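Peer 1: Sequence first, predicted coordinates after that:
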Amino acid sequence: MNNPDSAMNQTVHAQELIAQVSTSDQPSPSAPSDIPTADTALLFQNDRYAVRVFRQGNKAYVNIYDKENKTLTLKKIPVSITPAKNPKKDPIKYVATIDNQKYIVIINPLGASELTILKGETVVYRQESNQVEVAQKVPGISDQTEPVNPTLALVRTIFINYAKLTIFALMFAMAIRWRFEDVIWLGQQPSLLLRSLVSVFIAVPLLGALTMLIPGLTVAQHIGIWAMITCPGAPMIPFKSLQAGGNAKFVASLQFMVCILAIISIPLTVMILAQFSPNEPWLSPQEIAKQIFFAQVLPMGIGVLLAEYAPKFAEDLVEPATKIAKFMLLLVVIILLAVSLEKVLNAGFTAYLAMAFLSITSLACGHFLGGSEPDTQTVLAYSTATRNAGLAVLLVSLNFPNLDYVKGGIINTLITYALMAAFVSIPYTIWRKRTMVKN
C-alpha cells in the first residue's frame, strides 16, 4: 500500500499518459481532470514506466510513458494479443515490436502485472507491479470468447440473492434474543465502550495498513484484505462468543453497536483507505451506507423490536430461526468452498502470512483491550478479529467497475481471509474455554 503522495503521483502519471496519447501521436499540453477509461483494458505503473493498453477502432494499442524522463517511449503502437487459455488462472499477454526491441505487457487475474523490454534476445528491463488502476474486459482486447450460458447466469443470480437472504437471516436470528436493556448495556460501561470502539474501528485498520506493507501481495489480495478490514460485525460472533463463555450482555450490546456504527464507519474507512491506494472505489458513501442498512441494520432492528414487544413470539422463534440461518450459512460455505477451494489452497505464502499476521494481532488487540475479566476479553477479541465476509463480498461486488478482470481473485481472497481467521482462532478458543472452566 502506498503513501498518499505516491498514490497522488500515480494518478498524475496516468493522466499524463492518457492525455499525451488520446487520439494522436502528438503530446497534449495538459492532462485531463478525469481519466477516460472506457476504452482502456489495462493501466498500471511501476517505478519507471506507466503502461496503458487500449482499444481504438477495431485494434489494440499500447502506450508506455517514461516517468523518469517524462516522455513517451511508445506512442500508440499496435500490439499482438495472446489470450488466456483459462481466464480464471492464466495471464493475457500483449506484445509490441519496434525494430529489434520488443515490449511485453502481462496481466493475470489476480491483478499482478509486468512490463518486460527485450533488445534482441536480451532482457534490458523487467519489473512487476501490484498497483493496477484499470483492468477491465474491453471487447477485442481483454475479453475471452465464452458462450453465454443462460442456465449458469440464472444459477449465479439465484446464489447471489440467496447469499443476501442468508446474511439477513443470520442478523435476524442473532438479534431476536436481545432486549433493549441488553443492547444499551455497553453505554453504562464507558471505559469498556471506549476500548471496544478503539479495538474494532481503529486498531484493525491500523494493523491492516501495516499488513499492506508486506511485499508480494497482488492487487486482488490487497483489495480483499482491505475489504475485510473495513467490514466489522460478522453475524457469527455472538454464537462463537457465547460458546466460549463470553458475557451475554456485552455480546449483545457490542454487536448491536458495531452493526449500527458500521453505517458511518465503513464509508469513512473506505474514504480514508482509498487515499493510500490508486484502486479507489466508485461507490459513493451514501450507497455504501444504504447497502449496510438493508444487509445488517434492518434485520437486526426487526429482531430486537420483536424481542422487546412480542417476547413470547420471539422466544418461540429463536430456535427455528437460528437453525435455519445456520443451515443457510452452511450451504453458502459449502458452495463457496467447492467453487474456490483450489484458489484458496494456491493463494501463496505471502497471502497466508499477511492474513495470519492480521488475524493474530487483531485477536491479541481485542483480548488485551477487553479488560481484566475473561468473559469480556473473549468477546472483544472475537469482535475485533472476525470481520463480516458476507458484507465484504457485497461491497466488493458493487465496487471497482474498472477492476472487473480481478474481481474473482478478490472474492477468493475474502474466502481465504475468513478461513485463515477461523483457523487462527481455534487455539485461542480452546484456551479461553479452559480458562472459563478454571474460573
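Peer 2: Yep, that arrived. Residues are numbered from 1 along each chain as shown.
Peer 1: leaving aside the residues next to it on the chain, what's closest to Tyr405?
Peer 2: Ala135 (4.2 Å; Cβ to Cβ, 6 or more residues apart in numbering). For glycine as for every other residue, the C-beta is placed from the backbone atoms N, C-alpha and C.
Peer 1: OK, contacts around the one you found?
Peer 2: Ala135 sits next to 41-44, 107, 111, 113, 142, 219, 402-406 when contact means Cβ atoms under 8 Å, 6 or more residues apart in numbering.
Peer 1: Show me those that map onto strands.
Peer 2: Among these, the members falling in strands (DSSP state E) are Ala41, Leu42, Leu43, Phe44, Ile107, Ser113.
Peer 1: where exactly do the helices run in the stretch 201-350 of the chain?
Peer 2: Ranges of helices within the stretch 201-350 of the chain are 204-211, 219-230, 237-243, 248-274, 285-292, 298-309, 311-345, 349-369, based on DSSP state H, counting those that start in this stretch.
Peer 1: Could you dump the ones you listed into JSON lines with mean neighbour count added?
Peer 2: As requested, the helices of the stretch 201-350 of the chain are exported to JSON lines (neighbours: other Cβ atoms under 10 Å):
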{"stretch": "helix 204-211", "mean neighbour count": "19"}
{"stretch": "helix 219-230", "mean neighbour count": "28"}
{"stretch": "helix 237-243", "mean neighbour count": "20"}
{"stretch": "helix 248-274", "mean neighbour count": "21"}
{"stretch": "helix 285-292", "mean neighbour count": "17"}
{"stretch": "helix 298-309", "mean neighbour count": "19"}
{"stretch": "helix 311-345", "mean neighbour count": "15"}
{"stretch": "helix 349-369", "mean neighbour count": "20"}
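Peer 1: To Ala163, which of the ones you listed lies closest?
Peer 2: Closest approach to Ala163 among these is made by helix 311-345 (5.7 Å; Cβ to Cβ).
Peer 1: Which strands or helices does the closest one pack on?
Peer 2: In terms of contacts (3 or more Cβ pairs under 8 Å, 6 or more residues apart in numbering; DSSP states H and E), helix 311-345 is packed against helix 150-175, helix 298-309, helix 407-438.
Peer 1: by contact count, what packs against the first one?
Peer 2: Contact analysis of helix 150-175 by 3+ Cβ pairs under 8 Å, 6+ apart lists helix 248-274, helix 298-309, helix 311-345, helix 389-398 as its packing neighbours.
Peer 1: In ChimeraX, how would I select the buried members of the contacts of Ala135?
Peer 2: To isolate the buried ones among these in ChimeraX, judged by 16 or more other Cβ atoms under 10 Å, type:
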select :41,42,43,44,107,111,113,142,219,402,403,405,406
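Peer 1: one step back: tell me which of the helices and strands packed on helix 311-345 lies nearest to Leu345.
Peer 2: Leu345 lies closest to helix 407-438 among the helices and strands packed on helix 311-345, at 9.0 Å (Cβ to Cβ).
Peer 1: Could you check that closest one and say which residues are buried?
Peer 2: 407-422, 424-425, 428-429, 432.
Peer 1: Over to stretch 159-173?
Peer 2: For stretch 159-173, burial by neighbour count (16+ other Cβ under 10 Å) applies to Ala163, Lys164, Thr166, Ile167, Phe168, Ala169, Leu170, Met171, Phe172, Ala173.
Peer 1: so how far is Val258 from Gly366?
Peer 2: 12 Å (Cβ to Cβ, to the nearest Å).
Peer 1: who touches both of those two?
Peer 2: Going by Cβ under 8 Å, 6+ apart, residues that sit against Gly366 and also against Val258 are Val200, Ser383.
Peer 1: which stretches of the stretch 51-200 of the chain have low pLDDT?
Peer 2: Per-residue confidence for the stretch 51-200 of the chain (pLDDT under 70) gives these ranges: 143-149.
Peer 1: again, 80 this time
Peer 2: Scanning the stretch 51-200 of the chain for pLDDT under 80 picks out 72-74, 86-89, 130-131, 139-140, 142-153, 156, 160.
Peer 1: Check the stretch 301-439 of the chain too.
Peer 2: By pLDDT under 80, the weakly predicted segments of the stretch 301-439 of the chain are 390, 394-395, 397-402, 404-405, 435-439.
Peer 1: Which residue, other than its chain neighbours, is closest to Asp375?
Peer 2: Distance criterion Cβ to Cβ, 6+ apart; nearest residue to Asp375, sequence neighbours excluded, is Asn247 at 4.1 Å.
Peer 1: Could you give the number of residues near Leu197?
Peer 2: Leu197 is flanked by 18 other residues according to other Cβ atoms under 10 Å.
Peer 1: and the helix or strand hosting it with helix 349-369, angle?
Peer 2: Using DSSP states H and E, Leu197 maps to helix 190-197. Computed by axes from the mean of the first three to the mean of the last three Cα atoms, to 10 degrees, the angle separating helix 190-197 from helix 349-369 equals 180 degrees.
Peer 1: if I pick the residue lying closest to Val406 once chain neighbours are set aside, what's in contact with it?
Peer 2: Leaving aside its chain neighbours, Val406 sits nearest to Gly111 (4.0 Å; criterion: Cβ to Cβ, 6+ apart). Going by Cβ under 8 Å, 6+ apart, Gly111 touches Asn130, Val132, Ala135, Thr218, Val219, Ala220, Leu403, Tyr405, Val406, Gly409.
Peer 1: Could you check how many residues crowd around the second one?
Peer 2: In this case it means Val132. Applying other Cβ under 10 Å, we find 26 residues neighbouring Val132.
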